[in-house]
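*Asks:* any chance you can model this:
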Amino acid sequence: MWLSKLFRKKSLPQNLKKRASQKQALVEIEANCPASMKRCVELASEKGASNWLSVLPVEEHGFHLSKGDFRDASCMRYGWMLPNLPSKCVCGSAFNVDHAMVCSKGGFPTLRHNEIRDITVDLLTEVCHDVAIEPMLQPLTGEKFQKKTVNIRDDDARLDISARGFWGGRFEKTYFDVRVFNPNATSYTCFEVASCYRRQEQEKKRKYEERLRKVENASFTPIILSCTGGMSKLTTSFTKKLASMISEKKDTPYGSVINWLRCRLGFALLRASIMCIRGSRCKRYVRPENNILLATSEGHLASSA
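*Replies:* Residues are numbered from 1 along each chain as shown. Modelled structure (predicted):
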């Protein structure tokens, strides 16, 4: 028994030295990297951004990718050129990864947003009451707000999710709004990754928080994620709280729950990003309406038993 304790005490300084040498090696690598690769390294180092590489590909739990999807995910991770991309998008713009992430043709960015929203609703239903998708806010009746950016013009304004009993008591209501953005977009490359998350959170708060606090008497939490699997500071706190609640309810270790949760969100973001790139954006085929009565009348079809 005392031998094992002795070996553990000796191994601790060695582990600290190993971690220090690894950090030093990482600093040296980042110093010699070009700016584009340095950005990729920073994004890949975010918490939860690399879970898809470390988990076993178990199809039953959704932790799997096809051969082409794995290749595309690896290329996006390291900023490499993806093979067999079209030169032009159907919208007329030059096609590349950055354009594919935001192009509205085909509705893929919306599907990516809705996938994260639906997963969040599914998880909140496990631990909260009165969970709703796209709840309508109360109409305004002349309320005045200090911030001019508050959404006050639209009486039919909706947020993505509402739930009771998340941050406070079982009757306290919280609204959530989801945003998934591409940190490699041209408009974000001049900002640090942490700054991008902070700007997204502040924009959502300026738009909704004051109205929700004064009119709905509710709290607001923006859920901000990147296409690469990273999360904003508030989203990280939300994820940890959600994992803690699920852990307590299911009597499951917190570490297992938070890893599973990050992995599930990571694979959802990864598949949605690949769909934005590889999904077909051609014009949809409009099926003719099957007007049976009109066809029977104009075709002089006789009815039969």
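*Asks:* now the stretch of helix or strand residue 270 belongs to: mean pLDDT?
*Replies:* Using DSSP states H and E, residue 270 sits within helix 254-278. Averaging pLDDT along helix 254-278 yields 93.
*Asks:* who are the packing partners of that helix?
*Replies:* In terms of contacts (3 or more CB pairs under 8 Å, 6 or more residues apart in numbering; DSSP states H and E), helix 254-278 is packed against helix 51-54, helix 67-78, helix 97-102, helix 108-127, strand 219-226, helix 233-250. C-beta here means a position set from N, CA and C on the backbone, and glycine is covered the same way.
*Asks:* again, only using 6 Å
*Replies:* If you count contacts as 3 or more CB pairs under 6 Å, 6 or more residues apart in numbering; DSSP states H and E, helix 254-278 packs onto helix 51-54, helix 67-78, helix 97-102, helix 108-127, helix 233-250.
*Asks:* tell me which of the ones you listed approaches residue 178 most closely.
*Replies:* Smallest distance to residue 178 across the helices and strands packed on helix 254-278 (CB to CB): 4.9 Å, for helix 108-127.
*Asks:* helices or strands up against the helix or strand that that closest one is followed by?
*Replies:* Going down the chain from helix 108-127, the next helix or strand is strand 129-133, by DSSP H and E. Secondary-structure packing of strand 129-133 (3+ CB pairs under 6 Å, 6+ apart): helix 108-127, strand 161-164.
*Asks:* tell me which of the ones you listed sits most buried.
*Replies:* Ranked by mean neighbour count under mean count of other CB atoms under 10 Å, the helices and strands packed on strand 129-133 are led by strand 161-164, which reaches a mean of 22.
*Asks:* so what's the residue nearest the centre of the chain up against?
*Replies:* Centroid-nearest residue in the chain: residue 225, 4.3 Å away (criterion: CA atoms, centre = their mean). By CB atoms under 6 Å, 6 or more residues apart in numbering, the residues touching residue 225 are 180, 231.
*Asks:* cool, residue 173 as well?
*Replies:* Residue 173 neighbours (CB under 6 Å, 6+ apart): 164, 218.
*Asks:* can you add mean pLDDT and give the helices and strands packed on strand 129-133 back as a markdown table?
*Replies:* As requested, the helices and strands packed on strand 129-133 are arranged in a markdown table below (pLDDT from 0 to 100):
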| stretch | mean pLDDT |
| --- | --- |
| helix 108-127 | 94 |
| strand 161-164 | 95 |
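*Asks:* next, format the helices and strands packed on helix 254-278 as CSV and append distance to residue 166.
*Replies:* As requested, the helices and strands packed on helix 254-278 are exported to CSV (distance: least, CB to CB, whole Å):
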stretch, distance to residue 166
helix 51-54, 24
helix 67-78, 32
helix 97-102, 30
helix 108-127, 7
helix 233-250, 7
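*Asks:* which among these is found nearest to residue 24?
*Replies:* Once those are compared by CB to CB, helix 67-78 is nearest, at 22.1 Å.
*Asks:* can you list contacts of the closest one?
*Replies:* In contact with helix 67-78 (CB under 6 Å, 6+ apart) are residues 40, 44, 82, 270, 274.
*Asks:* hang on, the earlier thing: quickly note the distance from the residue nearest to the centre of the chain to residue 120.
*Replies:* Remark: distance between residue 225 and residue 120 (CB to CB, to the nearest Å) = 10 Å.
*Asks:* and residue 69, by the same measure?
*Replies:* 23 Å.
*Asks:* same question for residue 258.
*Replies:* Counting by CB to CB, the gap from residue 258 to residue 120 is 15 Å.
*Asks:* same question for residue 181.
*Replies:* Residue 181 is 16 Å from residue 120, by CB to CB.
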